[in-house]
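Enquirer: Output the structure for:
(one chain, ligands or ions: 3)
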Amino acid sequence: MFKKVRQIAIAGGILFFSAGVMFSANTTFAKEYKYLGGAGCKCHMNKTTEGNEYKKVGYEEKVGHFNTFSRLKTDEERTNPECLSCHATALDKKIKKGKSKYGNFIENVTCEACHGPGDGYVKVKKNYKGKGKDAFSKLMKSDPLEARRAQFEAGGRIAGVNSPKTVKEQCLECHWEDPAAARKCPKTDKLFKFKEYFKIDDHRDQDHIDDVIAKLSAADKKKAQDEGIAANDPILYSPYKK
Ligand code: HEC
Ligand code: HEC
Ligand code: HEC
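Expert: Ligands and ions are numbered 1, 2, ... in the order given. Now for the predicted structure:
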């Protein structure tokens, strides 16, 4: 038993190494972490900390990802795994906080639907390397590349940066462009228009890491992309919203 586990670990290690892309291609680690529901993301939602990104872009009102569960009207729909796969988060995954009373999932398409389970990152943020509650904020200023690496190692996921998926591929987990798509919502015929929808959903803002990446040499930028800490998806070079 132990031997087998070790063999798998070694094989995994070789794969990992030979892939060259290192942890950018390795998102399986994220599955070991637990989901926290909205509670885990509250720093991002209030003015006093690093960003008011969501309030600023009117994320909640315009995109409606936070209201997707209210579309499900009957108990049958609210427990139907088909509907929940697109209208809810973390279906059948490990959930620490925010579980729905209807089953093992978090209601709505929340931050963690796209950014992965939050509990690893929250721990890093609260006590980075056991150095106390300000250590991570300091690291974000002194070495934002290392800070982003620490986020990712703690399970954080950003499509087009450290995820094997591009942003568009991530959207297409729940949206569809082709009226004849095999997987689509039975209740609407609305087609996904990537650029248009991304523009509405775009909640990036320019921060330390973007400034640092902008100043890297082409070779260093390529290296940061290979390591999964700089964007490798062209849509992410579209201008930031004002
Ligand atoms: C493949 C993902 C997916 C599945 C499966 C899915 N939905 Fe949806 N649903 C969506 C998306 C995406 C939208 C919004 C589309 C848009 O506005 O572009 C939506 C919209 C809706 C709407 C609003 C329709 C409107 O006219 O505004 C309702 C109601 C709805 N879904 C109910 C359901 C129910 C009930 C189920 C299960 C039987 C379900 N959905 C399954 C992705 C899905
Ligand atoms: C539908 C998927 C989706 C949802 C839901 C979502 N995001 Fe994002 N998020 C993205 C994408 C795509 C980007 C762009 C990646 C980038 O900027 O590098 C992004 C970028 C970000 C960034 C900037 C990251 C960086 O370093 O550039 C932060 C911070 C962020 N999201 C936090 C959140 C929070 C908090 C929530 C919930 C309130 C949330 N996101 C909900 C997809 C999503
Ligand atoms: C986990 C499933 C899921 C993912 C992933 C997802 N969406 Fe959605 N999205 C939905 C659902 C469900 C709705 C319907 C919201 C409603 O009206 O209830 C929706 C609605 C939207 C809307 C509002 C559309 C309208 O008709 O007004 C936009 C814009 C949007 N999504 C953008 C994106 C973008 C951009 C991405 C990729 C970065 C993305 N979504 C990824 C499930 C998802």
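
Enquirer: okay but residue 32 is in contact with residue 119, surely?
Expert: No. Taking CB atoms under 8 Å as the definition, residue 32 is not a contact partner of residue 119, at 9.8 Å. (Each C-beta comes from the backbone N, C-alpha and C, glycine too.)

Enquirer: joint contacts of these two?
Expert: Here residue 32 and residue 119 have residue 155 as joint contacts, going by CB atoms under 8 Å, 6 or more residues apart in numbering.

Enquirer: show me what contacts the residue lying closest to residue 87 once chain neighbours are set aside?
Expert: Of all residues not flanking residue 87 in the chain, residue 68 sits nearest, at 4.2 Å (CB to CB, 6 or more residues apart in numbering). Residues counted as contacts of residue 68 (CB under 8 Å, 6+ apart) are 86, 87, 88, 108, 109.

Enquirer: Quick check: the two most widely separated of those residues?
Expert: Taking CB to CB as the measure, those span a maximum distance of 10.9 Å, between 86 and 108.

Enquirer: okay, those two: which has more neighbours?
Expert: Using other CB atoms under 10 Å as the criterion, residue 86 and residue 108 rank with residue 108 on top: 21 against 17.

Enquirer: I'd assumed residue 64 was in contact with that one.
Expert: No. Using CB under 8 Å as the test, residue 108 is too far from residue 64 to be in contact (9.2 Å).

Enquirer: Local confidence estimate at the closest residue in space to residue 229 that isn't next to it in sequence?
Expert: Spatial nearest neighbour of residue 229, excluding adjacent residues (CB to CB, 6+ apart): residue 148 at 4.7 Å. Note for residue 148: predicted pLDDT of 94.

Enquirer: Residue 148 contacts residue 209, correct?
Expert: Yes. Residue 148 is in contact with residue 209 according to CB under 8 Å; the separation is 5.6 Å.

Enquirer: higher neighbour count, these two?
Expert: More crowded of residue 148 and residue 209, by other CB under 10 Å: residue 148, with 25 against 18.

Enquirer: Now name the helix or strand holding the more buried one.
Expert: helix 144-153 (DSSP states H and E).

Enquirer: who touches the helix or strand following that helix?
Expert: Moving toward the C-terminus from helix 144-153, the next helix or strand (DSSP H and E) is helix 167-171. With contacts defined as CB under 8 Å, 6+ apart, helix 167-171 is touched by 114, 159, 160, 163, 192, 194, 197, 198, 233, 235, 236.

Enquirer: between those, which is nearest ligand 2?
Expert: Using CB to the nearest ligand atom, residue 114 comes nearest to ligand 2 of the contacts of helix 167-171, at 2.9 Å.

Enquirer: pLDDT value on the closest residue to residue 236 other than its chain neighbours, please?
Expert: Spatially, and ignoring its direct neighbours in sequence, residue 236 is nearest to residue 160 (5.1 Å; CB to CB, 6+ apart). The confidence metric pLDDT takes the value 93 at residue 160.

Enquirer: Also residue 50?
Expert: 45.

Enquirer: Start the count at 13 instead of 1 going forward.
Expert: Renumbered: residue one is now 13, and that last one reads residue 62.

Enquirer: returning to that earlier point: make sure the residue nearest to residue 99 is indeed in a helix.
Expert: Yes. Assigned with DSSP: H, G, I helix; E, B strand; the rest coil, residue 80 falls within a helix.
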